[in-house]
Structure formats: structure tokens, C-alpha cells
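[1] Below are the sequence and a predicted model; questions follow.
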Amino acid sequence: MGVRIKSTGTSRAKDTNSIVEHSARAARESLERVGVRPDQVGVFINAGIFRDSNTVEPAVSALIQKAAGIGLEYDEDDPRTFSFDLMNGAVGVLNAVQVATSILETGSAEHVLIVSGDTHPSLTRSAADTEFPYATSGAALLLERTEEPVGFGRVHIARGAGTPAVESFVDTATMGTVGRGLMTVVREPGFEDRLLNVAVDAAQAALAEAGHSDLSSTALIASTPSTEFPIRLAETLGIEADSVRTADLSEGDPHTAALPLAYHRAVTEQSFAAHTHVLFVAAGAGPSAAAVLYRLPVLAGTPA
């Protein structure tokens with residue numbers, strides 16, 4: 001028995017910069033691709049960080065859930081969808097996989113839907129720049145339990161010592177009346193090397209526990225704090241560069257959506273044909289990282 005990705009969805013359209021709308025579109029697409037009804041989603045997790053107008057309350061997951069049309073039936077016997085935000089920077093999407101796996105293994109939900117993605121709180125830009133290094137996008141992973149020997153292994157976590165390496169905040173001392181549209185992101189000197197170190201630790205732990213030493217048929221999907229980061233990680237781990245899969249990075253780092261977007265792209269382009277496993281590695285502020293080995297279904301180029 002395992003937990004697998006049943007479907008994916010993405011949204012990068014230019015008609016909106018709202019992360020609520022982008023995530024809702026990705027969620028709907030993931031359901032429509034495989035004919036899953038909204039009432040079959042038992043748990044809905046939002047792993048995004050940067051949101052419309054720096055919304056604090058209510059939980060953004062509830063706003064996305066509503067926009068996606070999930071769990072809106074209110075009669076006494078209607079099925080319920082429990083939703084919540086899980087915020088841990090770029091690592092959050094794998095933390096959400098960890099939580100979803102636990103839920104699905106108990107049989108308490110038929111499907112768990114994870115959404116992630118970020119936007120500048122001003123809603124005035126979609127491409128990354130030096131001030132805000134994250135591109136606007138939304139992504140979704142629809143997970144289900146399976147009796148087949150496929151899916152996620154155990155998620156491994158690694159943390160580094162010292163300062164956070166990456167920080168983001170609203171400067172309340174200078175924001176005046178426009179704080180809802182501001183965000184300051186600080187990347188410390190050498191931040192990428194520090195993220196790489198914890199990413200390697202988490203990845204090696206995931207591979208070692210699985211006894212997975214032959215990496216010739218393993219693809220790597222990793223966070224993209226820079227376009228070179230996944231390649232550097234692959235080289236350190238001994239994975240071939242042509243087995244690295246990324247999202248479209250033409251507008252910058254998709255941040256929390258980087259891993260789901262890369263997986264969706266690889267499945268859509270059927271570029272897993274030579275692979276039996278995917279190593280997912282996320283790394284971000286803390287510095288912290290998470291990694292999990294995923295055994296692909298036989299037909300990884302189509303919805304499971």
C-alpha cells in the first residue's frame with residue numbers, strides 16, 4: 001500500500017495575479033483531469049506563502065477552497081472537506097505530502113488535495129525581480145491511497161545551524177498605509193550554498209533509508225532558488241544532469257509551486273520514460289530541507 005499522485009493541475013495565466021484564483025484553477029484542473037468530484041476531496045491543504053494583499057485571516061486555504069468550488073455543500077448529510085494552511089516556505093509542499101500520507105493511510109479521506117503557489121502581495125507583477133525573487137503561479141497535487149507498490153516513501157527533514165539564510169517580512173516601521181502591498185525578501189550572502197548543504201543531507205537520508213543506491217533511473221525534482229540549484233544538487237548526489245526536471249523558470253522561481261509544476265511538466269511531456277523513481281527535494285528558509293523518494297507508476301506519462 002502506498003500514497004501516489006493521482007493528478008496534477010497548474011495555473012500561470014496572465015489574466016490574474018491572485019494566488020487564490022491561480023490555486024483554485026490548479027485545483028479544479030487536477031480534479032477534472034481524472035474525473036474526481038469535489039465532494040471526494042476529504043482534506044485540502046494550502047502550502048503557499050505569499051498571498052493576495054498579505055491576507056492574514058481567514059486561512060487562505062478556505063478562500064482557495066471556496067473559489068475552487070470544493071466542500072460547499074451544507075446539508076446535514078453532505079460530505080465535508082477540512083482545509084488548512086501549512087506554511088513552511090519552499091519546504092511546505094513536502095510537509096503537506098507528509099501530512100497527507102498520514103491521513104490517507106488511516107483511510108479517513110478518499111483524496112487529499114495540496115495546492116501551492118505565491119504572488120507579490122501588491123498583485124501588480126507576475127515575474128520575479130531583484131526585490132521579490134518569486135514568480136506568480138499556482139499548482140496542485142491530488143493524492144490518493146493505492147494498493148500498488150508505488151508512491152511516496154517517508155519524508156526526511158534536515159535543518160542547518162545559524163541564521164535563516166532567507167527571510168521575508170513586511171517592514172512595519174516604514175510601511176505607512178500601504179503595508180498590504182509590500183514584502184521585503186532578504187537572501188543572505190552564500191544562502192544558496194547553505195540551502196544546498198541541507199538539501200544534500202535530506203536527500204541522502206531519503207535515499208539511504210530506501211536502500212536506493214542505483215540512481216541511473218532516478219529523476220530529480222528540486223527547489224529552484226536559482227536555475228543552477230537543481231543541477232548542483234544532482235551533481236553532488238550523483239544523478240545525471242539530464243535526469244533533472246524543472247518547471248518553466250523563464251519568469252523566475254515558482255517557490256512553493258516549484259516541485260508540483262516540475263512534476264506536472266514532466267508528466268505532460270512524458271519525460272519520465274527512462275525513470276522508475278523521482279527524488280523530490282525542497283530547500284528554503286531556516287535553512288531547512290525535505291526530501292522524499294517517489295516510485296513512479298508504470299505509465300508516468302498519463303494520469304494515474
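    Perfect, I can see it now.
[2] And the helix or strand containing L196, what's buried?
    According to DSSP states H and E, L196 maps onto helix 191-210. The neighbour-count check on helix 191-210 (16 or more other Cβ atoms under 10 Å) flags 191-192, 194-203, 205-207, 210 as buried. Just so you know, the C-beta spots here come from the backbone N, C-alpha and C atoms, and that holds for glycine as well.
[3] quick check, nearest of those to V112?
    Distances from V112 to the buried residues of helix 191-210, taken as Cβ to Cβ, are shortest for A206 (20.5 Å).
[4] was I right about A27 contacting A68?
    Yes. Counting by Cβ atoms under 8 Å, A27 does reach A68; the two are 4.2 Å apart.
[5] Would you map the helices across the stretch 101-250 of the chain?
    With DSSP state H, counting those that start in this stretch applied, the stretch 101-250 of the chain shows helices at 191-210, 229-237, listed in chain order.
[6] Can I get the helix or strand following the last one in PDB, CA atoms only?
    Helices and strands here follow DSSP H and E; after helix 229-237, the next one along the chain is helix 258-268. Extracted as PDB, the C-alpha positions of helix 258-268 are listed here (Å, rounded to 0.1, in the frame of the first residue of the first chain):
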ATOM      1  CA  ALA A 258       8.300  24.600  -8.000                       C
ATOM      2  CA  LEU A 259       8.100  20.900  -7.300                       C
ATOM      3  CA  PRO A 260       4.400  20.300  -8.400                       C
ATOM      4  CA  LEU A 261       5.000  22.400 -11.500                       C
ATOM      5  CA  ALA A 262       8.100  20.400 -12.500                       C
ATOM      6  CA  TYR A 263       6.300  17.100 -11.900                       C
ATOM      7  CA  HIS A 264       3.300  18.300 -14.000                       C
ATOM      8  CA  ARG A 265       5.500  19.400 -16.800                       C
ATOM      9  CA  ALA A 266       7.500  16.100 -16.800                       C
ATOM     10  CA  VAL A 267       4.300  14.100 -16.900                       C
ATOM     11  CA  THR A 268       2.700  16.200 -19.600                       C
END
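[7] what mean pLDDT does helix 258-268 have?
    Helix 258-268 carries an average pLDDT of 97.
[8] Who are the packing partners of that helix?
    Judged by 3 or more Cβ pairs under 8 Å, 6 or more residues apart in numbering; DSSP states H and E, helix 258-268 is in contact with strand 2-11, helix 92-105, strand 137-146, strand 218-222, strand 277-284.
[9] That one to strand 2-11, inter-axis angle?
    90 degrees (axes from the mean of the first three to the mean of the last three Cα atoms, to 10 degrees).
[10] who touches helix 258-268?
    For helix 258-268, the external contacting residues (Cβ atoms under 8 Å, 6 or more residues apart in numbering) are 5, 8-10, 90, 93-94, 114, 116, 137, 139-141, 219, 221-224, 245-248, 254, 271-272, 278, 280, 282, 300-303.
[11] make it 7 Å
    For helix 258-268, contacts defined as Cβ atoms under 7 Å, 6 or more residues apart in numbering pick out 5, 8, 10, 90, 93, 116, 137, 139-141, 221, 223-224, 245-248, 254, 272, 280, 282, 300-301.
[12] And stretch 81-98, by the same measure?
    By Cβ under 7 Å, 6+ apart, the surrounding residues in contact with stretch 81-98 are 41-47, 49, 59-62, 65, 70-71, 99, 114, 116, 152, 155, 223, 255-256, 258-260, 280, 282-285, 288-290, 292.
[13] For the residue most central in space within the chain, give me the pLDDT.
    Residue closest to the mean C-alpha point of the chain, counted by Cα atoms, centre = their mean, is V93 at 3.7 Å. On pLDDT, V93 comes in at 97.
[14] For it, give its distance to T124.
    Distance, V93 to T124, by Cβ to Cβ, to the nearest Å: 25 Å.
[15] residue contacts, the spatially closest residue to A210 that is not a sequence neighbour?
    Spatial nearest neighbour of A210, excluding adjacent residues (Cβ to Cβ, 6 or more residues apart in numbering): L293 at 4.9 Å. Contacts were defined as Cβ under 7 Å, 6+ apart; by that measure L293 touches G153, A206, L207, A210, H212, H277, L279.
[16] Go through the residues you listed and name the one nearest E240.
    Taking Cβ to Cβ as the measure, L279 is the one of those closest to E240, at 12.2 Å.
[17] So, low pLDDT: which residues of this structure?
    Applying pLDDT under 70 to the chain flags the ranges 76-78, 298-304.
[18] N17 - how many residues pack around it?
    Neighbours of N17 under the rule other Cβ atoms under 10 Å: 18.
[19] Return the residues in contact with it.
    T119, L123, R125, S126, T136.
[20] Count the residues that sit near the second one.
    As a burial measure, the neighbour count of L123 was computed by other Cβ under 10 Å and equals 16.
[21] No further queries at this time; thank you.
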